[in-house]
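J.: using only what follows, build the 3D model:
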Amino acid sequence: MQAKFLAARRTGMAHVLCKSALRPLAVSVWGSKSNVSVLPSVSQLTTLRTLCAPPLTSLRDWHAKQHPWCVSKSQRPNRAFSEAAATAAAAPDTRPKVVFLGTPEVAADVLFKLLKASQDSRSTFQIAAVVTQPGKVSRSRKTGEMVSKPHPVQVLARDWLPPEVILFPEKASDEEFLATLEALQPDVCLTAAYGKVLPTKFLKIPRCGTVNIHPSLLPKYRGAAPVQRALQAGDTEVGVSLLYTVREMDAGPIIAQETVAIDSGIQADELLFHLFAKGTKLFLENLEAIVSKEAQETAKEQDPAQVTRADKIEKKEGLLKWDRSATELHNQVRAFTPWPGTKQKFSLQPNEDSEGIEGEYSIKIMKTVVGKAGDWSGKEDRDITATQEALHIKCNDGTVLSVLRLQMPSKGPITPAAFMNGALRNMTMHRLEDVDESEEK
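T.: Numbers count the residues shown, from 1 in each chain. Got it, this is the predicted structure:
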C-alpha cells in the first residue's frame, strides 16, 4: 500500500487516494500488517493529510470550483515527493504548536500562507489546530431545510487538517472548547479576523501567549474596521501591527509593525488582503522570538494618548450625500466597497421620441475617481453627463465625482459604457436630492 501511495503521489493523485481511505492508508504507511489496530496519532494524520493535499501555488488557485473566493481553476503541478519524506513524516512532530483563529476570506488567506510555510523543510512550527466561528445557518432554497454554511477558514482547514483539530465553538469561553484547547498544549495562538472576544481563561492557555494581526498602525484605529476608517479619512499611509492579545481590545504590546503607502484608488477589500499578507510575514519573521519569549521583553507598550477608534460600520453609512465634496465621496466609496456598499437614488427620464420608462432607481456606486471640473458638461447641477469611460456627477460644492463602475437594482456590476448602451440609451439621468437615511436602513 505504501508503494501505491508513493506512485499515486508522483502522478498527482495522492489526494484522491487520501480522501477515500485516509485512516486505513495511514495504518499502512505508519503501522504494520501484524498490528493494524494501531492507528497513527493526530499529528501523524495531520502530516499525512498535508502530504496528500493537492499541490497549490496560491489560495486563489485553490479548488476554484468548490470555494467562492477562488478566481481561477487550480492547475495543480506535481510536487516532488520521496520515500525519505514518508519516513520523516512518521517521526513525532516536536516543532512548536501554533493554533490559528480566524473566520472570513481574508483569514483563510492567512491560514493558507501558514500551512504552506509549515510544510517547508526548514519550517520551525506546526499548525496544531484551527479555530473559527460556527457556520451561518440559513434555509436551503432547494430543500427548505435549515443548513449551516461554513466560513472560508473552515472550508480551507477541512481539506488540510483532520476534523479533530478544526474547532468552531459558539463562544471562546465554552468550557469544553477550553479543555480541548488546553489538551493540545499550544505554544502560540494567532488570531486574524476571528471576530470573537477571547476570555482570560483562553489567554492563559498558550505557553508563549496569543498574538494578533491587526491591519493598522496601532494605537491608531483600534476596533472592528481599521482599514475602512483609514480609507474614509483619506489616509495615504497605513500599516499592520503584530501584537500580544490582552483583555482590552487591540491594546496589547506591539511586537512588530510595517508601514504601507497607498494610492488614492485602492479599495478596502484589496487593501485588507494586502495588509494581512504583510502581517502574516511579520508573524513568521518574529515567531522564533515569540516562542523563545524574547518578544515579550522587546514588545513596546502603546501610548494611550495616541489612541483613535475604528468603530464598526453601519449599513446607513453607505448612503452618498451630494453636500460632500467629490474627494469625500470617493473615499466613502473606497472604504465601503464591497460592504455595506455606497448608493443613492437617481432619476432616468426618456428623451424625445424615446420609448424608455421614466423612474427613480437606487443605484450602487462601486468604483470612482475624483474628476476634473471640465469632465462635467451638464446644464443644471443635477444633470449627470456620461462618456464611455465614466458618469460625471457634480457635487454641491462644484467638484466632480466620476463613476467607473455601478450596479442597477437586481443586476450585476457594469461599466459606464455598458450602462450607456443599456439602461441609459435615449435617456437623461439626474441626481436626486439626498434621500432620507431611513429608506436605506
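J.: C-alpha coordinates for stretch 101-108, CSV please?
T.: Extracted as CSV, the C-alpha positions of stretch 101-108 are listed here (Å, rounded to 0.1, in the frame of the first residue of the first chain):
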residue,chain,number,x,y,z
LEU,A,101,-8.1,31.6,14.9
GLY,A,102,-9.9,33.3,12.0
THR,A,103,-13.1,33.3,10.2
PRO,A,104,-13.6,35.3,6.9
GLU,A,105,-11.9,35.0,3.5
VAL,A,106,-9.0,37.3,4.4
ALA,A,107,-8.3,35.0,7.4
ALA,A,108,-8.3,32.0,5.1
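J.: any idea of the mean pLDDT for the helix or strand hosting M366?
T.: Using DSSP states H and E, M366 falls within strand 359-370. The pLDDT scores in strand 359-370 average 96.
J.: now the element after that strand, going C-ward?
T.: Following strand 359-370 toward the C-terminus (DSSP H and E): strand 383-386.
J.: show me the contact partners of that following strand.
T.: Strand 383-386 has contacts (CB atoms under 8 Å, 6 or more residues apart in numbering) with 346, 375-378, 391-394, 416, 419-420, 424, 428-431. All C-beta spots, glycine's among them, are computed from the backbone N, C-alpha and C.
J.: direction included, what does the strand holding M366 pair up with?
T.: strand 342-350 (antiparallel), strand 400-407 (antiparallel) (DSSP bridges).
J.: take the contacts of strand 383-386 and keep only those in strands.
T.: The members of those that map onto strands under DSSP state E are 346, 391-394, 428-431.
J.: out of those residues, who has the most neighbours?
T.: Most neighbours among those, by other CB atoms under 10 Å: I393, with 30 neighbours.
J.: so what's that residue closest to, chain neighbours aside?
T.: By the measure of CB to CB, 6 or more residues apart in numbering, the closest residue to I393 outside its immediate chain neighbours is L401, 4.7 Å from it.
J.: the one you found contacts E328, doesn't it?
T.: No. Using CB atoms under 8 Å, L401 makes no contact with E328, being 9.5 Å away.
J.: bridged to the residue nearest to I393, which residues?
T.: When bridges are called by DSSP bridges, L401 pairs up with V370, I393.
J.: ok, M249 - contacts?
T.: So M249 contacts 197, 222-223 (CB under 8 Å, 6+ apart).
J.: which ones among the residues you listed are found in helices?
T.: Applying DSSP state H to the contacts of M249, no entry is found in helices.
J.: mark which of those residues are buried, thanks.
T.: R222 (16 or more other CB atoms under 10 Å).
J.: mind putting the contacts of M249 into JSON lines with pLDDT and distance to I266?
T.: Formatted as JSON lines, those follow (pLDDT from 0 to 100; distance: CB to CB, whole Å):
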{"residue": "V197", "pLDDT": "94", "distance to I266": "30"}
{"residue": "R222", "pLDDT": "98", "distance to I266": "22"}
{"residue": "G223", "pLDDT": "96", "distance to I266": "20"}
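J.: pick the one among the contacts of M249 closest to M408.
T.: G223 (33.6 Å; CB to CB).
J.: what's the closest non-adjacent residue to that closest one?
T.: Closest residue to G223 apart from its sequence neighbours, by CB to CB, 6+ apart: A310 at 3.8 Å.
J.: likewise T259?
T.: G239 is the one closest to T259 (CB to CB, 6+ apart), at 4.4 Å.
J.: number of nearby residues for the one you found?
T.: Around G239 there are 23 residues (other CB under 10 Å).
J.: can you dump the C-alpha atoms of the helix or strand where it lies in PDB for me?
T.: Element membership for G239, per DSSP H and E: strand 237-244. Listed next in PDB are the C-alpha coordinates belonging to strand 237-244 (Å, rounded to 0.1, in the frame of the first residue of the first chain):
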ATOM      1  CA  GLU A 237      -0.200  55.800   4.700                       C
ATOM      2  CA  VAL A 238      -1.500  52.800   6.600                       C
ATOM      3  CA  GLY A 239       0.100  49.700   8.100                       C
ATOM      4  CA  VAL A 240      -0.200  46.500  10.000                       C
ATOM      5  CA  SER A 241       0.700  45.600  13.600                       C
ATOM      6  CA  LEU A 242       1.600  42.300  15.200                       C
ATOM      7  CA  LEU A 243       0.800  42.500  18.900                       C
ATOM      8  CA  TYR A 244       0.100  40.500  22.000                       C
END
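J.: list the buried residues of the following helix or strand past it.
T.: Going down the chain from strand 237-244, the next helix or strand is strand 254-261, by DSSP H and E. By neighbour count with 16+ other CB under 10 Å, strand 254-261 contains the buried residues 254-258.
J.: just checking, what packs against strand 254-261?
T.: Strand 254-261 sits against strand 237-244, helix 268-291, with contacts defined as 3 or more CB pairs under 8 Å, 6 or more residues apart in numbering; DSSP states H and E.
J.: after the last one, next one along is what?
T.: This means helix 268-291. helix 294-298.
J.: which parts of that following helix are buried?
T.: Within helix 294-298, the residues scored as buried using 16+ other CB under 10 Å are A295.
J.: who's in contact with the following helix or strand past that helix?
T.: As assigned by DSSP H and E, the chain's next helix or strand after helix 294-298 is strand 309-310. Contact with strand 309-310 is made by 216, 221-226, 228-230, as judged by CB under 8 Å, 6+ apart.
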